[in-house]
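Q: show me the folded form of this:
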Amino acid sequence: MTTTNPQLDSAPISNQSHHLSNNQSPQPHHPQPSRLKLTYDILMIIIISIDLLLISVDAILMSNFSTHAAEWLTIGESLSWYQNTVHVPLRTAGGFFTIFLIAELFVRWMIAITQQTYYRWFFFPFVHWYEVLGCFPQLRALRLFRAVVIGHRLYQLGYQVLPQSWIDRIKFYIDLLLEELSDRVILTTIQNFRQELTNSDTHKSFIESTVARNRDEIEAALLSVLRTELVPKLQALTTDSGGGNILANEVGNAIEEGLANTPELRRYLRMIPIAGGLIESQLQHVGHNIGENVVYALNERLLDPKILDSLMVEIARGVAQINTDNTALDTLISSIIDDSLTELEAQVKVQQWKHQDMLNL
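A: Next comes the predicted model:
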């Protein structure tokens, strides 16, 4: 009978290879322990629990607190009788139980070597470190860990070691403890990080290294935004609904107005008899058409999907190579970092165990 780690013990080394046909799928196998093994586990958890109970009671009754409490309750004689009569035999019995645990651990080690339970023969004491340390009288509290391991294995096998309400409550307090400890660590780390960022040299170095490491990601993100947001708006300029005709008409009107407001041109045209005014009018009309055609031609060439995409790539690459020695950039990144840390702190401070407690576990 062995009391071993559930994860390692359930995976013994085997030299045989098993082949499955194409129509078969591997099925999980959970070997059921023998009745003798279960009986031994239950017996050991009872013995360890009794031993730990006696150790705890003895430690309490031998303490100064118990002496003062006994005097206050006027039961000092009974406490003295225990200390003088029962304490020594109880310690002797505890010593014999320690010897039993050492022998039992050694026997299980030999069985593990014989059955090749672990990859190397010397792995056993490392896997069962809590049992090895629990053999020392000063570390007898670790024997509780072995009782917990046995109880957990029995629970996995479907045996109700403790009432389900007790198990739920134990899990709740373990989660509470771990959450509070982890929250304190995270909040302390955030506070230390904030203090580091107050140092101008550290802050500048942090921004430079962050931007330098992520230039490719920055370029990819900018290019994605430009392709998604800017390119459709630029391409919409060539349509009537996007204002393409309005832009072309305004450029044409500007050229027509420019020709009309050119005194030299008007003076030279008026020197031509009869046809001068007509030529001036037609020239302004032609200028208007030229302006519209130039806008349409520019839109057709510059807003070509290939050319436009190349332009967006160059813009994104140029922005990604931004100089980090920039006050506005430093302020922006500082604000983003501070807001992120604030949101993280707020999320960490939410005590999730209170929500679990509302479930009346």
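Q: in the stretch 101-250 of the chain, which spans are helices?
A: Using DSSP state H, counting those that start in this stretch, the helices of the stretch 101-250 of the chain run over residues 124-127, 129-134, 143-156, 164-198, 200-213, 215-225, 231-235, 244-260.
Q: nearest to residue 44, of the ones you listed?
A: helix 143-156 (6.2 Å; Cβ to Cβ). For glycine as for every other residue, the C-beta is placed from the backbone atoms N, C-alpha and C.
Q: sorry, back to before: the helices of the stretch 101-250 of the chain: which one's closest to residue 321?
A: Comparing the helices of the stretch 101-250 of the chain by Cβ to Cβ, helix 215-225 comes nearest, at 7.0 Å.
Q: angle of the closest one against helix 200-213?
A: 60 degrees (axes from the mean of the first three to the mean of the last three Cα atoms, to 10 degrees).
Q: list the buried residues of helix 215-225.
A: For helix 215-225, burial by neighbour count (16 or more other Cβ atoms under 10 Å) applies to 218-219, 222-223.
Q: then stretch 188-207?
A: 190, 197, 203, 206-207.
Q: related to what we said a few turns ago, now the helices of the stretch 101-250 of the chain as a markdown table including distance to residue 303 and mean pLDDT?
A: Shown next, in a markdown table, are the helices of the stretch 101-250 of the chain (distance: least, Cβ to Cβ, whole Å; pLDDT from 0 to 100):
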| stretch | distance to residue 303 | mean pLDDT |
| --- | --- | --- |
| helix 124-127 | 69 | 86 |
| helix 129-134 | 71 | 85 |
| helix 143-156 | 67 | 78 |
| helix 164-198 | 44 | 80 |
| helix 200-213 | 32 | 76 |
| helix 215-225 | 17 | 86 |
| helix 231-235 | 5 | 74 |
| helix 244-260 | 10 | 73 |
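Q: touching, residue 208 and residue 323? I think so.
A: No - using Cβ atoms under 8 Å, residue 208 makes no contact with residue 323, being 9.9 Å away.
Q: who has more neighbours, those two?
A: Looking at residue 208 and residue 323 with other Cβ atoms under 10 Å, you find the greater number of neighbours at residue 208, namely 13 against 8.
Q: what about the closest residue to residue 47 other than its chain neighbours, how many residues nearby?
A: Distance criterion Cβ to Cβ, 6 or more residues apart in numbering; nearest residue to residue 47, sequence neighbours excluded, is residue 97 at 7.7 Å. Neighbourhood size, residue 97 [other Cβ under 10 Å]: 18.
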